[in-house]
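Trainee: return atomic coordinates for the entry below.
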Amino acid sequence: VGGGAVGAGALVIGFDGAARAWAAQVPTGSKGAAFDQVPPLDGTLLLDPGRLAPFEDDFGHIVHEAPGAVLEPGSVRDIATMIEFCGARRIPVAPRGQGHQTFGQAQVSGGLVIDMSPLDSVTVDPVARTATVGAGAVWSAVLTAALAHGLTPPVFTDYIEVSIGGTLSAGGIGGASQQHGAQVDNVVELEVVTGTGQTVLCSASQQADLFHAALSGLGQVGVITRATLPLVAAPASARRYTLTYPSAAALTAAQRKAVGDGRFGWLEGAVTAVSGGGWQYELEGTAYYDGTAPDDQALIGDLGYEGTAQIEDFAYSDFVNDLAPGVAYLKSTGEWYDPHPWLDLFLPDGAADAYVASVMDKLTVADIGASGLVLLYPIPTARLHTPLLRTPDSELTFLFAVLRTAAPDAGALPAATMLDANRALYLEAQAIGATQYPVGSIPMTSADWRIQYGDQWQFFCLAKHRYDPAGILTPGQGIFD
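Mentor: Numbers count the residues shown, from 1 in each chain. Model (predicted):
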């Protein structure tokens, strides 16, 4: 899967979203010729194929596109310099944080990948309650720096070893989104290098069109290089409740009740396989506290679960980073390095129960892999303010995530089969008014992207034309022809 390569130095004339390939007119000359006469840089431009190899892959391990060069920036000025250089030559460019994409979104055939990891500064202002963060920093580093002042970002994704620039380009959904929105809804200011090589500070009140096009903009209008994020008081402890339900409808009914009165600081759901076949539905709700532990009966007594509640207490930092042991295990077994054809959808409330039940009735362990996950998050859409984070037209949406792992030695289906299944499920979801949360692996057409962005499509196109007129940025997303 991946689409045809285009030689570095080619004159790129458009991206075919259906074929996932650049259309190009290829002039004569060697591959390295595209990066001849590069201006002086503070950092390093990698050209050796051996050094470029890691950037042909990502967490999805599905798409493999060889870049022509990789920039390890020594400054934001390097990024601006190289984007201007590439724009004049129609060389495609893609920023890459931790490479946690699943479908080649940050890869670029023959072009320039910008390794954002050197931009990893984190500065906390405890008086203003903000953190100013380089786009290459990971959320675990922000958590550590903020906790030193008794503060924390309000929203984390489940996995926190991902970059600030990456999640702000996508959305950043977590268990606290039902209270605070996505990570993109919690940004004070951005520094962005546009597709013309200009470095711009933007916010909701300053160059707002760029601000709103960069957040959840999938890297189409510029490279986020720095962000200023709000912080809130950090609790000392977290108590997590895991409650069991017999069906998707029973789970979502309890979630609606819990999200309606805001009783939990963190709320999501999971679907796990039952020994002998079938699925078990679990509500996972967490209450934060400093001294006195919460009243269990008051929190969960009316949620209608089956059996005995599982109750666990954590230090706040351990709770936020509770995936770390599981990730270490998957790396030790090698499953971390298997293909991950993920499906992430925002479902409208009124159709969620039937859709999830229909999918789960047909799904087997082989369809998701032994280490695959199925998650279900309820989020009030009023909490989601970012225009390009597209959600259904309903007061409540459910993020339905089928996080597949194509582990051949564990009996899972091949990645290509999983991709076909993702496509089919996406089309079914699209027909009921769902949108995709674009961090997964769904083959998309140009028409699909226009449907995805709906009444924001014209705004997105105009922002793309204004801030990336050469059309060089992040072609792996396949959004614009």
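
Trainee: return the set of residues that bridge with the spatially closest residue to Ala293 that is not a sequence neighbour.
Mentor: Nearest non-adjacent residue to Ala293, counting by Cβ to Cβ, 6 or more residues apart in numbering: Arg239, 6.2 Å away. Bear in mind the C-beta positions are built from the backbone N, C-alpha and C, glycine included. Taking DSSP bridges as the rule, Arg239 bridges to Ala287, Asp313.

Trainee: what's the answer for Leu376, then?
Mentor: Counting by DSSP bridges, Leu376 is bridged to Phe400.

Trainee: surely it touches Leu267?
Mentor: No. Shown here, Leu376 and Leu267 do not form a contact pair, counting by Cβ atoms under 8 Å, at 10.4 Å.

Trainee: shared neighbours of the two, which are they?
Mentor: With contacts defined as Cβ atoms under 8 Å, 6 or more residues apart in numbering, the residues shared by Leu376 and Leu267 are Gln255.

Trainee: so, low pLDDT: which residues of this protein?
Mentor: 1-33, 410, 481 (pLDDT under 70).

Trainee: again, only this time at 90
Mentor: 1-34, 36, 275-277, 370-371, 407-412, 481 (pLDDT under 90).

Trainee: which helix runs longest in it?
Mentor: Determined from DSSP state H, the single longest helix within the chain is helix 415-431.

Trainee: off-centre distance for the next helix or strand after it?
Mentor: Counting by DSSP states H and E, the next helix or strand C-terminal to helix 415-431 is strand 435-436. The chain centre lies 13 Å from the centre of strand 435-436; the measure is Cα atoms, centre = their mean, to the nearest Å.

Trainee: what does stretch 322-339 give?
Mentor: Centre-to-centre, stretch 322-339 and its host chain are 18 Å apart (Cα atoms, centre = their mean).

Trainee: Arg383 and Gly174 touch, don't they?
Mentor: No. Judged on Cβ under 8 Å, Arg383 makes no contact with Gly174 at a distance of 11.9 Å.

Trainee: which one of the two has more residues nearby?
Mentor: Shown here are Arg383 and Gly174; by other Cβ atoms under 10 Å, Gly174 has more neighbours (26 against 17).

Trainee: give the contact list for the more buried one.
Mentor: Val155, Phe156, Thr157, Asp158, Gln183, Trp266, Glu268.

Trainee: mind checking the SS state of the third one?
Mentor: Here Thr157 is coil, with the state taken from DSSP: H, G, I helix; E, B strand; the rest coil.

Trainee: would you mind measuring from it to Val184?
Mentor: Plainly put, Thr157 is 12 Å away from Val184 if you go by Cβ to Cβ, to the nearest Å.

Trainee: then the last one?
Mentor: Using Cβ to Cβ, one gets 18 Å for the distance from Glu268 to Val184.

Trainee: neighbours around Leu373, how many?
Mentor: Neighbourhood size, Leu373 [other Cβ under 10 Å]: 17.

Trainee: which residues does the nearest residue to it once chain neighbours are set aside contact?
Mentor: Nearest residue to Leu373 in three dimensions, chain neighbours excluded: Leu403, at 4.2 Å (Cβ to Cβ, 6+ apart). Listed by Cβ under 8 Å, 6+ apart, the contact set of Leu403 reads His340, Trp342, Leu343, Ile368, Gly372, Leu373, Val374, Leu375.

Trainee: switch those residues over to JSON lines; also include distance to Leu190 and secondary structure.
Mentor: Formatted as JSON lines, the contacts of Leu403 follow (distance: Cβ to Cβ, whole Å; DSSP: H, G, I helix; E, B strand; the rest coil):
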{"residue": "His340", "distance to Leu190": "28", "secondary structure": "coil"}
{"residue": "Trp342", "distance to Leu190": "26", "secondary structure": "strand"}
{"residue": "Leu343", "distance to Leu190": "29", "secondary structure": "strand"}
{"residue": "Ile368", "distance to Leu190": "36", "secondary structure": "helix"}
{"residue": "Gly372", "distance to Leu190": "34", "secondary structure": "coil"}
{"residue": "Leu373", "distance to Leu190": "31", "secondary structure": "strand"}
{"residue": "Val374", "distance to Leu190": "33", "secondary structure": "strand"}
{"residue": "Leu375", "distance to Leu190": "28", "secondary structure": "strand"}
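
Trainee: among those, which one lies nearest to Tyr329?
Mentor: In terms of Cβ to Cβ, no member of those lies closer to Tyr329 than Leu373, at 13.7 Å.

Trainee: residue contacts, that closest one?
Mentor: Residues near Leu373 by Cβ under 8 Å, 6+ apart: Ala270, Ala401, Leu403.

Trainee: ok, back up a step: how about the residue nearest to Leu373, phi and psi?
Mentor: phi -100, psi 90 (degrees, to the nearest 10).

Trainee: tell me where the stretch 201-350 of the chain has strands.
Mentor: Counting by DSSP state E, counting those that start in this stretch, the stretch 201-350 of the chain has these strands, from start to end: 222-230, 232-233, 237-245, 266-273, 279-289, 306-315, 342-348.

Trainee: just put these in TSV and tack on distance to Ile79 and mean neighbour count.
Mentor: What follows is the strands of the stretch 201-350 of the chain, written out as TSV (distance: least, Cβ to Cβ, whole Å; neighbours: other Cβ atoms under 10 Å):
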stretch	distance to Ile79	mean neighbour count
strand 222-230	6	24
strand 232-233	31	14
strand 237-245	38	20
strand 266-273	35	21
strand 279-289	38	21
strand 306-315	37	12
strand 342-348	28	25
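
Trainee: do you know how far the residue nearest to Leu373 is from Ile173?
Mentor: Counting by Cβ to Cβ, the gap from Leu403 to Ile173 is 13 Å.

Trainee: equivalent analysis for Ala208, please.
Mentor: According to Cβ to Cβ, Ala208 and Ile173 sit 23 Å apart.

Trainee: neighbour-wise, which of the two wins?
Mentor: More crowded of Ala208 and Ile173, by other Cβ under 10 Å: Ile173, with 29 against 11.

Trainee: wait, the more buried one sits on Tyr437?
Mentor: Yes. Taking contacts as Cβ under 8 Å, Ile173 lies within contact range of Tyr437: 6.6 Å.

Trainee: now list whatever residues contact both of these two.
Mentor: Leu399.

Trainee: ok now do Pro378, which residues does it touch?
Mentor: When the contact criterion is Cβ under 8 Å, 6+ apart, the partners of Pro378 are Gln178, Thr252, Gln255, Arg256, Ala258, Val259, Leu267, Glu268, Gly269, Leu396, Thr397, Phe398.

Trainee: could I get the helix or strand hosting it in CSV with only the CA atoms?
Mentor: In this assignment (DSSP H and E), Pro378 forms part of strand 373-380. Taking Å, rounded to 0.1, in the frame of the first residue of the first chain, the C-alpha atoms of strand 373-380 are listed here in CSV:
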residue,chain,number,x,y,z
LEU,A,373,-8.4,-2.5,21.0
VAL,A,374,-11.9,-1.2,20.6
LEU,A,375,-12.7,2.1,22.3
LEU,A,376,-15.8,4.2,22.7
TYR,A,377,-15.6,7.8,24.0
PRO,A,378,-18.7,10.0,24.6
ILE,A,379,-18.0,13.7,23.9
PRO,A,380,-20.4,16.6,23.9
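
Trainee: in it, which residues are buried?
Mentor: Buried residues in strand 373-380, defined by neighbour count with 16 or more other Cβ atoms under 10 Å: Leu373, Val374, Leu375, Leu376, Tyr377, Pro378, Ile379, Pro380.

Trainee: could you measure from the third one over to Gly262?
Mentor: Just to be clear, that refers to Leu375. Distance from Leu375 to Gly262, counting by Cβ to Cβ: 20 Å.
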